[in-house]
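Colleague: Need the 3D shape of this:
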Amino acid sequence: MKSGSALCVIGIALCLSVWQPEAVSLRARNSTAGANPRLTGLLCRDPGANSDDVDVVLEEGGRRSLLFTRNVKDSKGNVLGREVAGMQSTVHCAAEVARPEATKCVPADLDKPVPTCAEVGKSGRCDCSTINDEPLKLAYQQRMVSETVKLCKAKAASKQPFRVLMFGLGGGAVPMYIRHHCDSALIESVEKDARVALIAQRLFGFRADSKNKVEIADGEEAAERHAKTHPWPKGPHYDVVLVDCFDSKNRVASSCRSDRFFHAVRTTLDAEGSVMQNVMDVDVNQLLPMYQATFGPEWTQKQVVQDGQFLIIGKTHANHPSAHA
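Modeller: A predicted model of the protein is given here:
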């Protein structure tokens, strides 16, 4: 769920420039000292074997962010610092229940090895109960959920479930928001990185249940599987598909940008369904024609979210496979 393409190479400090005014900052010494400590800074890090590390950062006001980071090395292999590849998600946790001082959720001591997020999550000291009554922090996410909730509430009058398929769980902020604001929503999320799914459940307040499911799978494989198990005219199909999956270079992941993926998504959609995909400027000119070829130019839109960031929207109506069944 990348929110920006700007990278910040760090030595003493680590920062992330994103498409919103606020910025995440990890100082060399986390802010836990003093008479009135601010419990902000790096909480934990799950290393990647052949991928970026996953960091969780505590921010002011009970917010937490999920980031992908990596070491920056010179030509001799010496580590110069770290760079942030992008922000995956941000959630706002409700105030902690009173705890003994020794069990409070506090940032890592950076003079010691940084604990893994799996360790911190298993301890239970950093559980999160998300606040879902306020707008999501990332602009593109808020636009996605606003449109989805509007469609969901419109369909609720018919007493029919509203089905959402999401590629890219991140911290789980999007599905939790939708479920909170529209009780008839049935959401299925596909997340490729098991580390991310576990962090979402243990540290970001994501609650999986019969109406809010998640599976660990490749995007293209999952899309084609859903298309094969629900071919037209059989159902049920999805009212909305949300796509938000990126690789370590801040490009749309290969599994979420192929012709096979787009055609499979189109097949999974209801006769009046829609797909929304988060895209950065480096990919928009390639993906927009692919959407137009799949859904038709008249049913494809490009919306500007912020400078360098877009939503591509494809809709099914008269051009849907059901019309030719």
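
Colleague: biggest helix in this structure by residues?
Modeller: As assigned by DSSP state H, the longest helix anywhere in the chain is helix 139-156.

Colleague: So for it, what gets flagged as buried?
Modeller: Buried residues in helix 139-156, counted by 16 or more other Cβ atoms under 10 Å: 139-145, 147-149, 151-152, 155. C-beta here means a position set from N, CA and C on the backbone, and glycine is covered the same way.

Colleague: Return the closest of those with respect to Pro47.
Modeller: Comparing those against Pro47 with Cβ to Cβ places Gln141 closest, at 26.5 Å.

Colleague: What sits closest to the closest one if chain neighbours are left out?
Modeller: Nearest residue to Gln141, sequence neighbours excluded (Cβ to Cβ, 6 or more residues apart in numbering): Val174, at 5.6 Å.

Colleague: Which residues lie in contact with that neighbour in this structure?
Modeller: Going by Cβ atoms under 8 Å, 6 or more residues apart in numbering, Val174 touches 89, 136, 141, 144-145, 166, 242, 244.

Colleague: how about a cut-off of 7 Å?
Modeller: Applying Cβ atoms under 7 Å, 6 or more residues apart in numbering, one finds that Val174 lies in contact with 141, 144-145, 166, 242.

Colleague: Wasn't it part of a helix?
Modeller: Yes - according to DSSP: H, G, I helix; E, B strand; the rest coil, Val174 belongs to a helix.

Colleague: Ala95 versus that one, what's the distance?
Modeller: Distance of Val174 to Ala95, computed by Cβ to Cβ, to the nearest Å: 23 Å.

Colleague: now Arg179
Modeller: Going from Arg179 to Ala95 by Cβ to Cβ gives 22 Å.

Colleague: Dump the contacts of Val174 into JSON lines; add distance to Ser129 as well.
Modeller: Listed next are the contacts of Val174 as JSON lines, based on distance: Cβ to Cβ, whole Å:
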{"residue": "Gln141", "distance to Ser129": "19"}
{"residue": "Met144", "distance to Ser129": "23"}
{"residue": "Val145", "distance to Ser129": "19"}
{"residue": "Met166", "distance to Ser129": "21"}
{"residue": "Leu242", "distance to Ser129": "23"}
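
Colleague: Those residues into JSON lines, with extra columns for distance to Ala194 and pLDDT?
Modeller: Conversion of the contacts of Val174 to JSON lines gives the following (distance: Cβ to Cβ, whole Å; pLDDT from 0 to 100):
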{"residue": "Gln141", "distance to Ala194": "22", "pLDDT": "96"}
{"residue": "Met144", "distance to Ala194": "24", "pLDDT": "98"}
{"residue": "Val145", "distance to Ala194": "24", "pLDDT": "98"}
{"residue": "Met166", "distance to Ala194": "16", "pLDDT": "98"}
{"residue": "Leu242", "distance to Ala194": "20", "pLDDT": "98"}
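
Colleague: Closest one of these to Leu67?
Modeller: Using Cβ to Cβ, these come closest to Leu67 at Gln141, 15.3 Å.

Colleague: Now do the strands in this protein.
Modeller: 14-16, 24-26, 41-46, 53-58, 63-73, 79-92, 162-167, 185-191, 212-216, 238-243, 269-280, 300-306, 309-315 (DSSP state E).

Colleague: give the contact list for Ala200.
Modeller: Neighbour list for Ala200: 169, 171-172, 206 [criterion: Cβ under 7 Å, 6+ apart].

Colleague: Show me the shaky parts of the stretch 101-250 of the chain.
Modeller: 101-103 (pLDDT under 70).

Colleague: circling back: which one of Arg179 and Ala95 is surrounded by more residues?
Modeller: Set side by side, Arg179 and Ala95 show more neighbours around Arg179, with 22 against 9, by other Cβ atoms under 10 Å.

Colleague: My guess is that one contacts Ala185. True?
Modeller: Yes - counting by Cβ atoms under 7 Å, Arg179 touches Ala185, with 5.6 Å between them.

Colleague: which neighbours do these two share?
Modeller: Residues within reach of Arg179 and of Ala185 at once, by Cβ under 7 Å, 6+ apart, are Lys211.

Colleague: Now do the contacts for the residue nearest the centre of the chain.
Modeller: In the chain, the residue lying closest to the centroid (Cα atoms, centre = their mean) is Gly170, at 3.2 Å. Gly170 makes contact with 1, 66, 88-89, 196, 244 under the criterion Cβ under 7 Å, 6+ apart.

Colleague: Just list whatever residues bridge to the nearest residue to Ile178 once chain neighbours are set aside.
Modeller: The shortest distance from Ile178 to any non-neighbouring residue, by Cβ to Cβ, 6+ apart, is to Ala185 (5.1 Å). Judged by DSSP bridges, the bridge partners of Ala185 are Phe162.

Colleague: Near Ala185, how many other residues are there?
Modeller: Ala185: 25 surrounding residues under other Cβ under 10 Å.

Colleague: Check whether it really touches Pro175, as I assumed.
Modeller: No - at 8.3 Å, Ala185 and Pro175 do not qualify as touching, with contact defined as Cβ under 7 Å.

Colleague: quick one, phi psi at the spatially closest residue to Phe206 that is not a sequence neighbour?
Modeller: Leaving out its chain neighbours, the residue that sits closest to Phe206 by Cβ to Cβ, 6+ apart is Gly172, at 2.9 Å. According to degrees, to the nearest 10, the main-chain angles of Gly172 amount to phi 80, psi 10.
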